[in-house]
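Student: what's the 3D shape of this:
(one chain, ligands or ions: 1)
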Amino acid sequence: MQGKTILITGGTGSFGGVMVRHALAQGAGEIRILSRDEEKQDAMRNRLREPRLSFYIGDVRDPGSVDMAMAGADMVFHAAALKQVPSCEFFPMEAVRTNVVGSSNVIDAAIKHDVDRVVCLSTDKAVLPINAMGMSKAMMEKLVQAASRRRNGEGTVVACVRYGNVMYSRGSVIPLFLKQLRDGGPITVTNPQMTRFLLPLIDSVALVEHALTHAEPGDVFIKKAPACTIGTLAEAMKALFEADVDIRTIGVRHGEKLFETLATADELAGAEDQGDYWRIRMDGRDLDYASYFSEGNPDVAEIEDYTSHNTEQLDLEGVVDLLLTLPEIRAELGTA
Ligand SMILES: O=c1ccn([C@@H]2O[C@H](COP(=O)(O)OP(=O)(O)O[C@H]3O[C@H](CO)[C@H](O)[C@H](O)[C@H]3O)[C@@H](O)[C@H]2O)c(=O)[nH]1
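Tutor: Numbers count the residues shown, from 1 in each chain. As a prediction, this is how the structure comes out:
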């Protein structure tokens, strides 16, 4: 990142906040934030007071504002998205406009301006999707692959990373459980047997950096991550904060799965094991029907999907230890 001009779409969010600090520390020449909310930009500007930061008010839905922020950029982290499951479920066309059309605008502008590398942030909910948020992110992944296939590996490298649940992200279950136990309970658990991958925010930045360094056109990178049941997570929060509160089971919410899938067997059959990461290569076969039927992949049947049910499962102690690595939890405990 040394001396480079970096554009972060949706740069005032949780990912943007950590990535900006990281890029500054890496010696980035200029960091551009493209986002809609002037108040959040103002807060970031005042918090960091950094001449290498520049702020662009705009929306990825609007090709003009993307184009303006893109001109002269060397690398792009595309984090702007509608990411809440319920809002996308109620307003699926809004998810299409931001996550599909917006991503297409970002990819097209990056190619037009001959940007070196673009990393788009996707989610495990994009794999075998059942909700509108996941479906729109799956379409974003398809746009990345189609753009890469069309250009035969030439020019701008566009790739994706897939996250599991980012621990302590805004509006997610860990801060909710914390508030509930501070209020004297009960802690509301949808289904104690439900599992989720657990990814600290700092690991999500490392994953993006890994993708930035290793990406070839159309790749999807995932980080191998442990998971736990939501019942164990609730017990771990109780233990950590020494709270004697009830746990109430409330049932699964709309558009929710019992477990998430980070990669399908099909994808893993051609993936490269990179230690802590998997690189899932784009299916580079051309989309001609003859090759579709005559060159299938025989390995697929041997492999399982990689899910939050079959990855390493953390027990109560393991979850407590992982929670203790989060700066937010340490601050709450007064041990920061
Ligand atoms: O009161 C609650 C709320 C949630 N859960 C459970 O906790 C787990 C995590 O829930 P979150 O709401 O934290 O996360 P989701 O998996 O539903 O989705 C989250 O991650 C997504 C990205 O993958 C999006 O960012 C989304 O907005 C964000 O909420 C789920 O199993 C959920 O059922 C509970 O047990 N009780």
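
Student: which residues of the chain fall in helices?
Tutor: With DSSP state H as the criterion, the chain has helices at 14-25, 38-48, 63-70, 85-90, 92-95, 102-112, 132-150, 173-182, 201-214, 230-240, 265-269, 289-294, 316-323, 327-333.

Student: Mean neighbour count and distance to residue 6 for the ones you listed - can I get that in a markdown table?
Tutor: Where you see a C-beta, it was placed from the backbone N, CA and C, and this is true even at glycine. As requested, those are exported to a markdown table (neighbours: other C-beta atoms under 10 Å; distance: least, C-beta to C-beta, whole Å):
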| stretch | mean neighbour count | distance to residue 6 |
| --- | --- | --- |
| helix 14-25 | 18 | 5 |
| helix 38-48 | 14 | 14 |
| helix 63-70 | 20 | 11 |
| helix 85-90 | 17 | 28 |
| helix 92-95 | 18 | 26 |
| helix 102-112 | 22 | 12 |
| helix 132-150 | 21 | 19 |
| helix 173-182 | 18 | 29 |
| helix 201-214 | 19 | 10 |
| helix 230-240 | 21 | 34 |
| helix 265-269 | 18 | 28 |
| helix 289-294 | 9 | 38 |
| helix 316-323 | 18 | 29 |
| helix 327-333 | 15 | 23 |
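
Student: and of those helices, who's closest to the ligand?
Tutor: Relative to the ligand, the nearest member of the helices of the chain by C-beta to the nearest ligand atom is helix 173-182, separated by 3.5 Å.

Student: what angle do the closest one and helix 230-240 make?
Tutor: On the basis of axes from the mean of the first three to the mean of the last three C-alpha atoms, to 10 degrees, helix 173-182 is oriented at 50 degrees to helix 230-240.

Student: Run the chain-centre distance for helix 173-182.
Tutor: 22 Å (C-alpha atoms, centre = their mean, to the nearest Å).

Student: Can you spell out which helices and strands pack onto that helix?
Tutor: Here helix 173-182 touches strand 187-189, helix 230-240, helix 327-333, going by 3 or more C-beta pairs under 8 Å, 6 or more residues apart in numbering; DSSP states H and E.

Student: So what's the residue count around the nearest residue to residue 175 once chain neighbours are set aside?
Tutor: Closest residue in space to residue 175, ignoring its immediate chain neighbours: residue 168 at 6.1 Å, by C-beta to C-beta, 6 or more residues apart in numbering. Applying other C-beta atoms under 10 Å, we find 19 other residues in the vicinity of residue 168.

Student: likewise residue 170?
Tutor: By other C-beta under 10 Å, the residues close to residue 170 number 10.

Student: TSV please, covering the helices and strands packed on helix 173-182 and showing distance to residue 77 and mean pLDDT.
Tutor: Shown next, in TSV, are the helices and strands packed on helix 173-182 (distance: least, C-beta to C-beta, whole Å; pLDDT from 0 to 100):
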stretch	distance to residue 77	mean pLDDT
strand 187-189	34	97
helix 230-240	28	97
helix 327-333	21	94
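
Student: Out of these, flag the one nearest residue 124.
Tutor: Proximity to residue 124 (C-beta to C-beta) singles out helix 230-240 among the helices and strands packed on helix 173-182, at 15.2 Å.

Student: can you state the direction angle for that closest one and helix 316-323?
Tutor: 70 degrees.

Student: hang on, the earlier thing: how close does the residue nearest to residue 175 sit to the ligand?
Tutor: Distance, residue 168 to the ligand, by C-beta to the nearest ligand atom, to the nearest Å: 9 Å.
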